[in-house]
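Trainee: Curious how this folds, go ahead:
(chains A and B)
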Number of protein chains: 2
Amino acid sequence: MPYYIGDVIKDPKKLIARTPEKFEETGIRVRLDTRVEGIEADRGEVLLANGEGLPYDLLVMGTGAEATLPDIPGTTREGVFTLKNLRDGINIREYIKDNSCRRAVIVGAGFIAMEMSEALRNIGLETSIVYRGELPVRKWDPVFSGVVLEELTGNGVSFVAHNSPVAVEKGARGLCLVTSEGEIETDIIIFALGVKPNTRLAREAGLTTGKSGAISVDSSQHTSREEIFAVGDCCESYNRMSKKWVYTPLGDMANKQGRVAGRNIAGYPMVFPGIVGAQSFKMFGLEVAMTGLDEKEAEKSGYSPAGNIIWGSPVARSMNRGQKLGLKLIADRDSGRLLGAQAVGQSGAVSRINTLSACLWSGMELDEIGYMDLAYSPSFSGAWDMIHTAAQILEKKL
Amino acid sequence: MPYYIGDVIKDPKKLIARTPEKFEETGIRVRLDTRVEGIEADRGEVLLANGEGLPYDLLVMGTGAEATLPDIPGTTREGVFTLKNLRDGINIREYIKDNSCRRAVIVGAGFIAMEMSEALRNIGLETSIVYRGELPVRKWDPVFSGVVLEELTGNGVSFVAHNSPVAVEKGARGLCLVTSEGEIETDIIIFALGVKPNTRLAREAGLTTGKSGAISVDSSQHTSREEIFAVGDCCESYNRMSKKWVYTPLGDMANKQGRVAGRNIAGYPMVFPGIVGAQSFKMFGLEVAMTGLDEKEAEKSGYSPAGNIIWGSPVARSMNRGQKLGLKLIADRDSGRLLGAQAVGQSGAVSRINTLSACLWSGMELDEIGYMDLAYSPSFSGAWDMIHTAAQILEKKL
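Mentor: Prediction:
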């Protein structure tokens, strides 16, 4: 009989849907609030905190990731948060309400920081982002990061660049974030510094981890032991563009990997075909999206990349009411193949990036992309979509 | 010296940009308002209406298409229009204003009819669509045509099904459209019955036309004579899905074909890689889009098609504010290959269809599409995008 072990989010609706009794009926035994202390892989047994041993023939690890906290004093103070799951979100909201917070500091400038800044501004908090670098969302081209910065400041978020957190102290009223460059008084601090995979159990069980630090898997989601699978934020994924195993913990991939492992276990074999690195987020009035590799990653992967940004209109110019869309393509000089794309604009960015993800998926070259048939209508693009124009211009530069 | 012959749209801005003098400077001689009466292909000469003969080494035909008028009495009456170019649009607007029109009838139910109905409702006209069939936009699945019909009626457009125009007569006040089933009093009538290619010159010059009636071309846009090219709404296009030369007169293809012919003439050879049939329109609050083949076309093209519609949310369900998106996929039972897709919804339809057009372009199969990497973010899709779900469900049905 298969087991599910873990702590389920304390969301009443979900708990009702996932009551142990329901699972028992379907032949799945659920043990909530049950901590696993170790895995005796050679014996095929999971060791629980209460001393019990659960034998297994097949084991799936979905141990996920945890939010990174910097190694500085004071991060355990009340009012200091990370954001990884729904419970964290609820805790943050309740803390703000219970303590009538007026000021918030977010440390970090990735997409979680961007999304949080919008959420905090929407409920009226004075919001600052503290970041060690110059510009937010450094995965994107600096030009696009600049657009993101404008969107932040235009919506009343202050962006404190070139500052690293040094300590969290008690403030005059609330908290004080001490940084490399000064002090910021605030009521709540959210560290949004990314996540690291939860691999202690896997490592102690002798499973191989990759260069990224996450659990190594093959395309069937097997770990280094045939009978143990790993899926989601605890394991690596194969990037079809870089041809490398990477750590890209995103919810859509976790879903796919879970399905792949489940099918392999249930006797309907399939492989996870990998990722191209498509991702997006929305912040205030801006869509921000990317797929594939940037120039640096492309070079590290043995390509000879060239990139170019164009600015244009997400709809036909005659229909445009002041919207601008920036689209960057990166391609390989040797093969003409598309390697990556980035887009930023009030609308139409994610749509272009998804179309270009399908192009990346199938290895299309710029000359094809420049003349590919898309669903033209003035409400949605010019007769030449920005995808066409960007591909044609970059092709000339290769 | 190359010539440009034809009547340019009477738009002052465009005229300034295209004054003959400007073209002369660049070595192109423009002759506006100049009618071509014939082409002496063996002699290599274009015959103008004024008796003049213009010799050529290479000739490009961009004779376009004209709107279809039914062969019924009264279509030359004042207040009867077709809509093909900007001039037609201006004429319609002026007629409505000058005659204080309150009521409009559109005959036909393709996408021009849909777009016109929105334009007319927006300026407050009582608008009826008269159509011989049961449902509008018959290229789409009847379920989606039903959604379009709801959008029409929900926005105050009356849809008069199963009626064909028989005559246009003088009405009690204005015009009267006599149909197979009755009479409709109106102030303006717009026939939106599609277009046919302008091929008289081509046919008289001995050029081959295809089954569709449009000028036959090869992938370099050569007609049956090496020295004569044809581009745009007067010629056929190669459909990569049906593997047939078809007549699909759309603005984006015309642009691409013009560029291809130009490059071949200028000594930078390229081929037009064909179309997959991507198209879209917006009407009121609805996006309507399709790409590839429907089941009937697929069967005629030798495939063994299966299709399936799913309904879902264009964004993550937690972010949805009542938006619904319908997505239909059509695939080949034998190969599992995607053959076509259709989508209708308040948002997200064109985005999906463009992504699926890229999949069609590269011949992707459903199992790949079901696990392809797209730029997930709750603002733009569920963790499984509707593309994934639709592909997985249809794959099970093959």
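
Trainee: What residues does the residue nearest to A:Pro73 when sequence neighbours are not counted make contact with?
Mentor: Leaving aside its sequence neighbours, A:Pro73 sits nearest to A:Ala167 (Cβ to Cβ, 6 or more residues apart in numbering or on different chains; 4.7 Å). For the C-beta atoms, the positions are set from N, CA and C on the backbone; glycine is no exception. Counting by Cβ atoms under 8 Å, 6 or more residues apart in numbering or on different chains, A:Ala167 makes contact with A:72-74, A:177-178.

Trainee: Equivalent analysis for A:Arg43, please.
Mentor: Per Cβ under 8 Å, 6+ apart, neighbours of A:Arg43: A:Pro55.

Trainee: For beta bridges, what are the partners of the residue lying closest to A:Leu125 once chain neighbours are set aside?
Mentor: Take A:Leu125 and drop its neighbours on the chain: the residue closest to it by Cβ to Cβ, 6+ apart is A:Ala104, 4.6 Å away. Applying DSSP bridges to A:Ala104 gives these bridge partners: A:Thr127, A:Ile188.

Trainee: ok now do A:Ala104, which residues does it touch?
Mentor: Going by Cβ under 8 Å, 6+ apart, the list of residues near A:Ala104 reads A:96, A:120, A:125-128, A:186-190.

Trainee: what's the farthest-apart pair in these?
Mentor: Across those, the longest distance by Cβ to Cβ is 15.0 Å; it joins A:Ile96 and A:Ser128.

Trainee: And the helices in the stretch 101-250 of chain A?
Mentor: In the stretch 101-250 of chain A, the segments counted as helices under DSSP state H, counting those that start in this stretch are A:111-122, A:142-154, A:200-204.

Trainee: mind checking how far whichever residue of the stretch 51-200 of chain A sits closest to chain B is from B:Ser379?
Mentor: Going by Cβ to the nearest Cβ, chain B is nearest to A:Phe111 of the stretch 51-200 of chain A, at 8.1 Å. Relative to B:Ser379, A:Phe111 is positioned 11 Å away (criterion: Cβ to Cβ, to the nearest Å).

Trainee: which residues do these two both contact?
Mentor: Residues touching both A:Phe111 and B:Ser379 (Cβ under 8 Å, 6+ apart) are A:Phe281.

Trainee: Just want to know which of these two has more residues nearby.
Mentor: A:Phe111 (21 against 15; other Cβ atoms under 10 Å in any protein chain shown).

Trainee: so does stretch A:367-383 get close to chain B?
Mentor: Yes: using Cβ under 8 Å from any Cβ of the partner chain, stretch A:367-383 reaches chain B at A:367-368, A:371-377, A:379-380, A:383.

Trainee: Most neighbours among the residues you listed, which one is it?
Mentor: Result: A:Ala375 is most packed of those (other Cβ under 10 Å), 31 neighbours.

Trainee: which residues does that one contact?
Mentor: B:278-280, B:289-291, B:350, B:353-354, B:357.

Trainee: Relative to B:Ala205, which of the residues you listed is nearest.
Mentor: The shortest approach to B:Ala205 among the contacts of A:Ala375 belongs to B:Gln279, at 30.7 Å (Cβ to Cβ).

Trainee: ok, and the closest non-adjacent residue to the closest one?
Mentor: Per Cβ to Cβ, 6+ apart, closest to B:Gln279 is A:Ala375, 5.4 Å.

Trainee: mind checking how far the one you found is from B:Gly340?
Mentor: Between A:Ala375 and B:Gly340 the computed distance is 12 Å (Cβ to Cβ).

Trainee: try A:Asp187
Mentor: For A:Asp187 relative to B:Gly340 (Cβ to Cβ), the value is 55 Å.

Trainee: thinking again about what came up before, can you redo the contacts of A:Ala375 as TSV with secondary structure and distance to A:Leu325?
Mentor: Shown next, in TSV, are these (DSSP: H, G, I helix; E, B strand; the rest coil; distance: Cβ to Cβ, whole Å):
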residue	secondary structure	distance to A:Leu325
B:Ala278	coil	19
B:Gln279	strand	21
B:Ser280	strand	17
B:Ala289	strand	19
B:Met290	strand	24
B:Thr291	strand	22
B:Val350	helix	14
B:Ile353	helix	18
B:Asn354	helix	14
B:Ser357	helix	19
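
Trainee: got JSON lines for those residues, with neighbour count and pLDDT too?
Mentor: As requested, those are exported to JSON lines (neighbours: other Cβ atoms under 10 Å in any protein chain shown; pLDDT from 0 to 100):
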{"residue": "B:Ala278", "neighbour count": "29", "pLDDT": "98"}
{"residue": "B:Gln279", "neighbour count": "24", "pLDDT": "97"}
{"residue": "B:Ser280", "neighbour count": "23", "pLDDT": "98"}
{"residue": "B:Ala289", "neighbour count": "30", "pLDDT": "98"}
{"residue": "B:Met290", "neighbour count": "28", "pLDDT": "98"}
{"residue": "B:Thr291", "neighbour count": "30", "pLDDT": "98"}
{"residue": "B:Val350", "neighbour count": "27", "pLDDT": "98"}
{"residue": "B:Ile353", "neighbour count": "30", "pLDDT": "98"}
{"residue": "B:Asn354", "neighbour count": "29", "pLDDT": "98"}
{"residue": "B:Ser357", "neighbour count": "27", "pLDDT": "98"}
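
Trainee: quick one on the thing from earlier: tell me which of A:Asp187 and B:Gly340 has more neighbours.
Mentor: B:Gly340 (28 against 20).

Trainee: Just confirm that one is within a strand.
Mentor: Yes: assessed by DSSP: H, G, I helix; E, B strand; the rest coil, B:Gly340 belongs to a strand.

Trainee: OK, contacts around it?
Mentor: So B:Gly340 contacts B:241, B:277, B:290-294, B:297-298, B:307, B:329-330, B:360 (Cβ under 8 Å, 6+ apart).

Trainee: Which single one of the residues you listed is nearest to chain A?
Mentor: B:Thr291 (6.2 Å).

Trainee: Test my guess that that closest one contacts B:Leu360.
Mentor: Yes: applying Cβ atoms under 8 Å as the test, B:Thr291 and B:Leu360 come out as touching, 6.0 Å apart.
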